[in-house]
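Chemist: got a predicted structure here, sequence first:
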Amino acid sequence: MRIPCPRCQAFVVPGAERCAWCGTSLLVEAAPGSSDPVCAVHPELRSLHACGRCGSFACAKCLRKGERDEPICASCHERVPADALPWDQRAELGTLRAFWRTCLAVMLRPAATFERARPEGSMGSSLGFATLSHLAASCTTFLVYMSIVLLIPRELPESDNVDPVALSLMWVGLMGVGLVLSPIVGMLATVANAALDHLVFRLSGTGQPFEVTLRANALSLSPYLLGLVPLCGMYIAPLWVLGLRFYAYRALHRTGWGTAVLGALAAPLLSCGLVFGVYALVLLVGLSPGGAR
């Protein structure tokens, strides 16, 4: 069910008090003697829509968005378990506020948050959360590094014939490129990690779709919010992320701890195996009679 704006007929989000398109206030006073329905809680205001559960008329101030995006009144919304994460309410809260609240809920109350969270979520929603998480993880540190390069003077030997200002600007430019690419690379890494984890779940017999694995993987990146603390947050968060991924996979996949831990460890174990494998290969080649020459 969609709610049209009384003025421009654009669809408005339940809970909004103004139309996002034309700016018209959705809180319209009821005309005395009119047959128009009025809000059950605020009879001085016209009803914008009837509650999708109890049928009571509700004004824009009393409407909320239900778990299936249907408009419901505030009373029904309070009676129903809050299974929608703040990130799922971006249209009402705003993207940054929804991201902040979701990160805090996942970090501080992981068991309760994931147990009540809906497992379903669009791929765009999950990728958006992963992108913001990786941006938060790296932006402050990159900016600090760029400031250090610009503010700390460098003295180069005259024989090098290198302009220190040009060198500093080059390093700042490279860090700026890294700052832009970091969330993109992080988003792609999230997709790759979720795909590998999902393969483990499918081999284990779980029937949840890939969107559930991607959503759990993305939400577990919430500790990357610590990256806003320069020079330390982005190095502390990964272990916290891994622990939260156990909770996320267990709750959203509706599976046991063993399968959840195995799925969460798939990507780290494979990465470590590849790294040590490459090191071992290089070491063997270097120690071989042909490599020692």
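Modeler: Everything's here; your move.
Chemist: who does the lowest-mean-pLDDT helix or strand in the chain touch, helix- and strand-wise?
Modeler: Ranking every helix and strand in the chain by mean pLDDT, DSSP states H and E puts helix 74-79 at the bottom, with a mean of 76. Counting by 3 or more Cβ pairs under 8 Å, 6 or more residues apart in numbering; DSSP states H and E, the packing neighbours recorded for helix 74-79 are strand 63-65. In short, each C-beta sits where N, CA and C put it, glycine included.
Chemist: can you tell me what sits against the strand it packs on?
Modeler: If you take Cβ atoms under 8 Å, 6 or more residues apart in numbering as the criterion, strand 63-65 is touched by 3, 13-15, 48-49, 51, 71-74, 76-77, 84, 89, 91-92.
Chemist: now do 6 Å
Modeler: With contact meaning Cβ atoms under 6 Å, 6 or more residues apart in numbering, strand 63-65 is reached by Pro14, Gly15, Pro71, Ile72, Ala74, His77.
Chemist: possible to save those residues as a markdown table with distance to Pro183 and neighbour count?
Modeler: Listed next are the contacts of strand 63-65 as a markdown table, based on distance: Cβ to Cβ, whole Å; neighbours: other Cβ atoms under 10 Å:
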| residue | distance to Pro183 | neighbour count |
| --- | --- | --- |
| Pro14 | 31 | 26 |
| Gly15 | 29 | 18 |
| Pro71 | 34 | 24 |
| Ile72 | 35 | 27 |
| Ala74 | 36 | 16 |
| His77 | 33 | 21 |
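Chemist: end-to-end on stretch 43-53?
Modeler: 20 Å (Cα to Cα, to the nearest Å).
Chemist: and it, how far from the chain's centre?
Modeler: 33 Å (Cα atoms, centre = their mean, to the nearest Å).
Chemist: pull out the buried positions in it.
Modeler: For stretch 43-53, burial by neighbour count (16 or more other Cβ atoms under 10 Å) applies to Leu45, Arg46, Ser47, Leu48, His49, Ala50, Cys51, Gly52, Arg53.
Chemist: stretch 193-209 now?
Modeler: Asn193, Ala194, Leu196, Asp197, His198, Val200, Phe201, Thr206, Gln208.
Chemist: that one - what's its average pLDDT?
Modeler: The average pLDDT within stretch 193-209 is 86.
Chemist: any chance you could list what contacts it?
Modeler: Phe210, Thr213, Leu214, Asn217, His253, Thr255, Thr259, Leu262, Gly263, Ala266, Ala267.
Chemist: which strands and helices sit next to the host helix or strand of the third one?
Modeler: Translated: Leu214. Counting by DSSP states H and E, the element that carries Leu214 is helix 210-219. Secondary-structure packing of helix 210-219 (3 or more Cβ pairs under 6 Å, 6 or more residues apart in numbering; DSSP states H and E): helix 123-151, helix 164-204, helix 233-252.
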